[in-house]
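Participant: Please work out how this folds:
(chains A, B, C, D, E and F)
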There are 4 protein chains.
Amino acid sequence: MKMKNDKAQQIMVAAAGVFAREGFHKATVEEIARKAGVGKGTVYEYFESKDDLFRAMIREGVQLFLKVLAAELACEDGVRAKLIRFVEVSACFLKEHESQARFIMEDAWGLGKSFCQWMAETRQELSGLVREIIEEGVKKGELRPVDPDLVTKVFTGANHALIVSAFSTGEYPDREMATSLVDLLFQGLQP
Amino acid sequence: MKMKNDKAQQIMVAAAGVFAREGFHKATVEEIARKAGVGKGTVYEYFESKDDLFRAMIREGVQLFLKVLAAELACEDGVRAKLIRFVEVSACFLKEHESQARFIMEDAWGLGKSFCQWMAETRQELSGLVREIIEEGVKKGELRPVDPDLVTKVFTGANHALIVSAFSTGEYPDREMATSLVDLLFQGLQP
Amino acid sequence: MKMKNDKAQQIMVAAAGVFAREGFHKATVEEIARKAGVGKGTVYEYFESKDDLFRAMIREGVQLFLKVLAAELACEDGVRAKLIRFVEVSACFLKEHESQARFIMEDAWGLGKSFCQWMAETRQELSGLVREIIEEGVKKGELRPVDPDLVTKVFTGANHALIVSAFSTGEYPDREMATSLVDLLFQGLQP
Amino acid sequence: MKMKNDKAQQIMVAAAGVFAREGFHKATVEEIARKAGVGKGTVYEYFESKDDLFRAMIREGVQLFLKVLAAELACEDGVRAKLIRFVEVSACFLKEHESQARFIMEDAWGLGKSFCQWMAETRQELSGLVREIIEEGVKKGELRPVDPDLVTKVFTGANHALIVSAFSTGEYPDREMATSLVDLLFQGLQP
DNA sequence: GATGAATGAGTTTTCATTCAT
DNA sequence: TATGAATGAAAACTCATTCAT
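Facilitator: Residues are numbered from 1 along each chain as shown, chains lettered A, B, ... in the order given. As a prediction, this is how the structure comes out:
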């Protein structure tokens, strides 16, 4: 079953690798097809265009990330624990899916305005998860009544900075660093 | 005086606009030249290539930003005041130079790996300013002995998130938001 | 069968005509493609670059020329007969393939040093045929012990001059002239 | 006196070097001007165009060659002596003016048909000198009544081959080789 | 006369996309 | 459905030539 999906998956995986290595514009559909072990025409059977393939690939990655993240966060209790887990899971997931990850974390204005906007919206879904944690924390009285929007931005921004930095250095944040980060923020958030 | 510099400047200003609007690849040298009011060949008199023009333009923007920032920070006393001023000046500057700003704040992996690396290095100079503030604060005992690296990443990451968000919403952080942000972090940093 | 080869052939034939008429630099890939009845991109499917196409075309011509020449010379007996045939076949062949021929006979320093060198090497193969005839003649005692190198140069130089002159005047050497030429040299070569 | 001519000369010398090294198309007017120690605009004060400069440079070289050759040949008596001297002087002159020489000896169809034709005509002047020697030899009875045209072509072709070969190998024909060459032909020319 | 900054026409080359098989 | 040969639009870049100083 889902043979069609399998081939699309195959192509998206190949695409992630090539896009990550070459950047969007230098990547060629031909190479992606070759790495995926299919003909160039086949790529167009499953995706409208190079742009479409790219978007689909990112959406796929984000969706998986969100699913994993949501599942892991559900296991944790309390704002602090959830946030620590957030940092930890982010790092872990992105480490294992580095090529797809770059597209999720990094901006890409180089691809044109509309693309950027779409990316921004896509990234919103992610910060949504954090906002929920914060809002719940405030409601439950675990946090003092801060602006959830500001805190979300601060937290995701900080997390983003850690990950992006790890892309270059290879030092992905571990549980200890995650704890340090969260505690840094947490002190300013307590009632 | 400085006629030569003027023409290069003229071209870089035009380039910033076109690059910001179209993205690197969709932007054409021809349009940049037209907007700058010079011939296509003239662009190549002053810049080796489209890439070179792009890099020069960013470097120009970063340098100006650094200069302004350093000057403003020098007027402030104490870590807290400096950090607040940092957020405020970032927002203010980037608001007024939005087109150049995007390149400073946002990544551009779409342009290829080596390009990204160069951008990363360029952006390092910026975080250097923050690290200095933090390190000095620790040394002077204003802050507890935290890892300056971590704090720098958290702070710049948060600031980055605020600015990038402002690019879409148009709501640039004001002094109040800057204070909120800094105080959020500051509580976790006090001795 | 040999569909692939056919298309490359098709393009090379068109190229020979355009290159001969316009010269290397004035010739455009676009016109070559048009004359070959294919799209511009197709030329690049079969040849790396304009340079590559040019080289391939010449190599093709030289190879054909060498094949024909070798076959014809094999039918003749004795140095004198072979040399006469050489002149005759050269003239005949080059008359029928004038556009390709110019590249084989004439130098082309205008295309850059490395190109020239390659052309020189290519042309060496041709003089090799003559040298063999001379060397064999000396060994068999048909000729007095002359320097085969010198004689080869004299003979090919003379032949070259005849052909090149024919390009302008249209008077390609016939059997009579071939005989005159060879006899002129032959008297100085007899034991 | 002749200041104007001096500057033109200066430019032509520089041009010869650059053209010889780079080929016609790769050579830039800018580099020629630089090597000549003048401004780019100055080149256009003395020559209509790059083409014009090139032609003028060749004509200059040919004219000098013809003058030298004519003078040297006038000192010799008899066909054989004159022809030997011809080879010798050619070699010697071209060795000393190699960069200009290539243009005189080698063809340049790469520059377009009309250019080639002009070059052919220019080279005619040279063979004219040889034809005169042959014709006079025939008239005076030193040679049997051969076709002067054929002999001229053979001789100049052979000489050409020797020189062109020397361009690559660096072994310019000396008096001994000149004698060998002429005697080779001479035996077929005696009454 | 001399200069060199400015120009833009003209070319090669790339690659996403199509479509006949 | 899968393919990959063919296509041509699009863009960077070069350099001969001009002309204001």
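Participant: Tell me where chain A is predicted with low confidence.
Facilitator: Within chain A, the stretches with pLDDT under 70 are A:1-4, A:104-113, A:115, A:189.
Participant: which parts of it sit against DNA strand F?
Facilitator: Contact residues (C-beta under 7 Å from any atom of the strand) of chain A with DNA strand F: A:Lys7, A:Val38, A:Gly39, A:Lys40, A:Gly41, A:Thr42, A:Tyr44, A:Glu45. For the C-beta atoms, the positions are set from N, CA and C on the backbone; glycine is no exception.
Participant: please redo it, this time with the cut-off set to 6 Å
Facilitator: Within chain A, the positions adjacent to DNA strand F are A:Lys7, A:Val38, A:Gly39, A:Lys40, A:Gly41, A:Thr42, A:Glu45 by C-beta under 6 Å from any atom of the strand.
Participant: so the first one touches A:Thr42, yeah?
Facilitator: Spelled out, it's A:Lys7. Yes - counting by C-beta atoms under 8 Å, A:Lys7 does reach A:Thr42; the two are 7.3 Å apart.
Participant: about what we covered before: please check the residues of chain A next to DNA strand F and keep the buried ones.
Facilitator: A:Lys7, A:Val38, A:Thr42 (16 or more other C-beta atoms under 10 Å in any protein chain shown).
Participant: As CSV, these with distance to C:Glu121 would be great.
Facilitator: As requested, those are exported to CSV (distance: C-beta to C-beta, whole Å):
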residue, distance to C:Glu121
A:Lys7, 50
A:Val38, 43
A:Thr42, 44
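Participant: Give me the subset of those that lies in helices.
Facilitator: Secondary structure assignment by DSSP state H places A:Lys7, A:Thr42 of these in helices.
Participant: Export the buried ones among the residues of chain A next to DNA strand F as a markdown table, with columns for distance to chain B.
Facilitator: Shown next, in a markdown table, are these (distance: C-beta to the nearest C-beta, whole Å):
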| residue | distance to chain B |
| --- | --- |
| A:Lys7 | 26 |
| A:Val38 | 24 |
| A:Thr42 | 25 |
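Participant: For DNA strand E, state which of the buried ones among the residues of chain A next to DNA strand F is nearest.
Facilitator: Taking C-beta to the nearest atom of the strand as the measure, DNA strand E sits nearest to A:Thr42 out of these, at 8.8 Å.
Participant: The closest one contacts A:Ala33, correct?
Facilitator: Yes - the criterion here is C-beta under 8 Å, and A:Thr42 meets it with A:Ala33 at 6.7 Å.
Participant: joint contacts of these two?
Facilitator: Taking C-beta atoms under 8 Å, 6 or more residues apart in numbering or on different chains as the contact rule, A:Thr42 and A:Ala33 both touch A:Ile11.
Participant: Look at A:Lys35 and say how many residues are nearby.
Facilitator: Residues near A:Lys35, counting by other C-beta atoms under 10 Å in any protein chain shown, number 15.
Participant: tell me the secondary structure for the closest residue to it other than its chain neighbours?
Facilitator: Distance criterion C-beta to C-beta, 6 or more residues apart in numbering or on different chains; nearest residue to A:Lys35, sequence neighbours excluded, is A:Ala14 at 4.0 Å. Counting by DSSP: H, G, I helix; E, B strand; the rest coil, the backbone at A:Ala14 sits in helix.
Participant: So A:Ala14 is in contact with A:Val29, correct?
Facilitator: No - with contact defined as C-beta under 8 Å, A:Ala14 does not reach A:Val29; the gap is 10.6 Å.
Participant: Between the two, which is the more surrounded one?
Facilitator: Neighbour tally, A:Ala14 and A:Val29, criterion other C-beta under 10 Å: the higher count belongs to A:Ala14, 21 against 18.
Participant: For that one, give me its contacts.
Facilitator: A:Ala14 is in contact with A:Ile32, A:Ala33, A:Lys35, A:Ala36, A:Gly37, counting by C-beta under 8 Å, 6+ apart.
Participant: Just the buried residues of the residues you listed.
Facilitator: A:Ile32, A:Ala33, A:Ala36.
Participant: where does the last one fall, phi/psi-wise?
Facilitator: Same thing as A:Ala36. Backbone torsions of A:Ala36, given as degrees, to the nearest 10, read phi -80, psi -10.
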